[in-house]
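[1] Sequence and predicted model, in that order:
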Amino acid sequence: MAGISISLARLRKLRDQFEKRLKAAAGKSAWRPAARPTHLIEIAKFGSNPGNLRMHAYVPNGVGPSPPLVVALHGCTQTADSYDRGTGWSDLADRLGFILIFPEQQPANNPKNCFSWFLPDDTARDSGEALSIRQMIAKAVEKFGVDRNRMFVTGLSAGGAMASVMLATYPEIFTGGAIMPGCLTVPRRPCRRLSRPCSMIGRLHRARSVTMSAAPLTTLGRGQRYPSGMARPIPLSGRQTRITSSNNGSMSRS
């Protein structure tokens, strides 16, 4: 037990150092995305927005009544527009008739435009960035008449980690989710170690930050635990990535 205590103390020290450097970097050389025309629409007012995020949406022409909703979360150094262009989400929405919401990080929050999936204040239920995304979903339901029984969340890399945050903190609103090379995070259970120390520290921080109700838990996969009724995520990961471990996906399979 002494060895575990020493390891945890070292991780806490590294985590504190990482957070200090992150705050310092945000005020000095924040990354700025290149401006260019976009076919996404920005919705400026969608709630109190405690996480200071931007909301972008895509609505296909002639979309039917009570359409499904997909919340798509970009990765680091990306914007809502670049993520859409790179993945073709809006093309798929045109074909299948669903509404898209693209939450977008701001450089003032993170110099690399990563969602703050590793910070407790941004990943707890009804707090920070998680609450901002929840408010965007409520706005989409109100503005576009989205079908509450067909709402999905997905993300890439840091966006994948944030997608797992949303599935864990708001399990009652999603029908399903897909996590693409990201970090599968469930209440009080961090995902597998990444190759970068800051990600490992962030996961440890994140695993202690989610506040869930006292709902019964169901064992799934290799010791992972999900709240009963939580939409089961689909993890998608290549085996050649140097950033995340492909074991993140295999650990979550039932």
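    Sure, I can see it.
[2] How about the backbone phi and psi for F118?
    Main-chain torsions, F118, degrees, to the nearest 10: phi -100, psi 0.
[3] how close does it sit to L14?
    Noted for F118: a distance of 12 Å to L14, by Cβ to Cβ, to the nearest Å. Glycine gets a C-beta too; all of them are placed from N, C-alpha and C.
[4] More neighbours: these two, which one.
    A side-by-side neighbour count of F118 and L14, using other Cβ atoms under 10 Å, places F118 first with 28 against 15.
[5] confidence score at that one?
    For F118, the pLDDT comes out at 89.
[6] just the one 5 residues further on next, same as before
    In this model, T123 is scored at 93, pLDDT.
[7] do the same with K13
    The score at K13 is 75. That number is its pLDDT.
[8] Figure out the helix or strand that K20 lives in.
    Element membership for K20 (DSSP states H and E) is helix 2-26.
[9] Follow the chain on from that helix and name the next helix or strand.
    Next along the chain after helix 2-26, taking DSSP H and E as the criterion, comes strand 41-43.
[10] pull the CA atoms of the next helix or strand after that following strand into CSV?
    As assigned by DSSP H and E, the chain's next helix or strand after strand 41-43 is strand 54-58. Written as CSV, here are the backbone C-alpha positions of strand 54-58 (Å, rounded to 0.1, in the frame of the first residue of the first chain):
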residue,chain,number,x,y,z
ARG,A,54,-19.4,28.0,-29.0
MET,A,55,-22.4,26.2,-30.5
HIS,A,56,-22.6,25.4,-34.3
ALA,A,57,-25.3,23.5,-36.0
TYR,A,58,-26.1,22.0,-39.4
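[11] Which strands and helices lie in contact with strand 54-58?
    Other elements packing on strand 54-58 under the criterion 3 or more Cβ pairs under 8 Å, 6 or more residues apart in numbering; DSSP states H and E are strand 41-43, helix 80-87, helix 89-96, strand 99-104, helix 128-144.
[12] what does that strand contact?
    Applying Cβ atoms under 8 Å, 6 or more residues apart in numbering, the contact partners of strand 54-58 are 38-44, 46, 80-81, 84, 89-90, 93, 99-104, 106, 136, 139-140, 144.
[13] of all the helices and strands packed on strand 54-58, which lies closest to L73?
    For these, the distance to L73 is smallest for strand 99-104, at 6.0 Å, taking Cβ to Cβ.
[14] For that closest one, name the packing helices and strands.
    Other helices and strands packing on strand 99-104, by 3+ Cβ pairs under 8 Å, 6+ apart, are strand 54-58, strand 69-73, helix 80-87, helix 89-96, helix 128-144.
[15] What angle do helix 128-144 and that strand make with each other?
    Put simply, strand 99-104 runs at 150 degrees to helix 128-144, going by axes from the mean of the first three to the mean of the last three Cα atoms, to 10 degrees.
[16] Quickly run through the sheet partners of strand 99-104, with directions.
    Sheet neighbours of strand 99-104, with direction, are listed as strand 54-58 (antiparallel), strand 69-73 (parallel) (DSSP bridges).
[17] and T154, what are its bridge partners?
    For T154, the beta-bridge partners are A72, A178 (DSSP bridges).
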